[in-house]
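Engineer: when you get a sec, could you give me coordinates for this:
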Amino acid sequence: MEIQTLFFLVILIFSIIIHEIAHGYMAEWFGDPTARLAGRLTLNPVPHIDPVGSIILPALMLVGSGGTFAFGWAKPVPYNPYNLRNFKWGTILVGIAGVAANLALAIIFGLMLRYNIELGITDGPFAHMLATIVFLNIVLAVFNMMPFPPLDGAKVLFAFLPIRFQYIHDYLEQNWLLFIVFVIFFAQYIISPISGFIFRMITGVGIYP
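Structural biologist: Residues are numbered from 1 along each chain as shown. Predicted coordinates:
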């Protein structure tokens, strides 16, 4: 595996881990200590890594795309929604927390990249590192907000819907692999364009360094 691809994969793994930790901290803030008690509020990648979603699938996507595109997932941070002080809003904010963490990382490093570009530093390892962090975190945020179980977008959507629609969520969750295949197949038509637009909004450039 090339150094660039390995670097891409490392950033992806840690971005996914931060995403999951954010879920756990938000649940803790609402009164559920499940993630902490399970030892998941840590940057140590070992408790978080899902062999398929964190390593195999991203690596295959990187190789298949020539090192330009990948996404993945970690083991979901456990939480008990019935421990939350506010079931509805706790569920919604726990679902949003991971996406918010990825967007926060994208904005912080994106503004650093924007500043470097304004200084005329548009190439080199540092600019590429910043752009990689920004792009990957945007992709993760957009991917996770798609309204298909087990993604975060589904948790948010069905928390707003009346309880009678819960059977739809349960059915989709039991057949979620079909929707992962759907997302992968249409990634270039859904995830990539939206991610590219957000990348331009944050960094001011539309070309990936």
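Engineer: lowest-pLDDT helix or strand in this protein?
Structural biologist: helix 176-185 (a mean of 68; mean pLDDT, DSSP states H and E).
Engineer: helices or strands up against the next helix or strand along the chain from that helix?
Structural biologist: Moving toward the C-terminus from helix 176-185, the next helix or strand (DSSP states H and E) is helix 191-203. With contacts taken as 3 or more C-beta pairs under 8 Å, 6 or more residues apart in numbering; DSSP states H and E, helix 191-203 sits against helix 87-118, helix 125-144. Placement of C-beta: from N, CA and C, glycine included.
Engineer: of these, which stretch is the most buried?
Structural biologist: Ranked by mean neighbour count, the helices and strands packed on helix 191-203 are led by helix 125-144 with a mean of 22 (mean count of other C-beta atoms under 10 Å).
Engineer: and the angle for whichever helix or strand comes after it with helix 125-144?
Structural biologist: Once the chain leaves helix 125-144, the next helix or strand it forms, by DSSP H and E, is helix 152-160. With axes from the mean of the first three to the mean of the last three C-alpha atoms, to 10 degrees applied, the angle from helix 152-160 to helix 125-144 works out at 40 degrees.
Engineer: any idea of the mean pLDDT in helix 152-160?
Structural biologist: Average pLDDT, helix 152-160: 87.
Engineer: excluding chain neighbours, give the residue nearest to the residue nearest the centre of the chain in space.
Structural biologist: Centroid check for the chain by C-alpha atoms, centre = their mean gives Leu140 as the closest residue, at 3.0 Å. Leaving aside its sequence neighbours, Leu140 sits nearest to Asn102 (C-beta to C-beta, 6 or more residues apart in numbering; 4.7 Å).
Engineer: how about low-confidence regions in the chain?
Structural biologist: 1-2, 65-71, 176-180, 183-188, 207-209 (pLDDT under 70).
Engineer: isn't Leu111 up against Ile202?
Structural biologist: Yes - if you go by C-beta atoms under 8 Å, Leu111 and Ile202 touch, sitting 7.2 Å apart.
Engineer: I figured Pro76 hits Pro150, correct?
Structural biologist: Yes - under the criterion of C-beta under 8 Å, Pro76 makes contact with Pro150 at 6.9 Å.
Engineer: dump the helices and strands packed on helix 191-203 into a markdown table; add distance to Val181 as well.
Structural biologist: Putting the helices and strands packed on helix 191-203 into a markdown table (distance: least, C-beta to C-beta, whole Å) gives the following:
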| stretch | distance to Val181 |
| --- | --- |
| helix 87-118 | 22 |
| helix 125-144 | 14 |
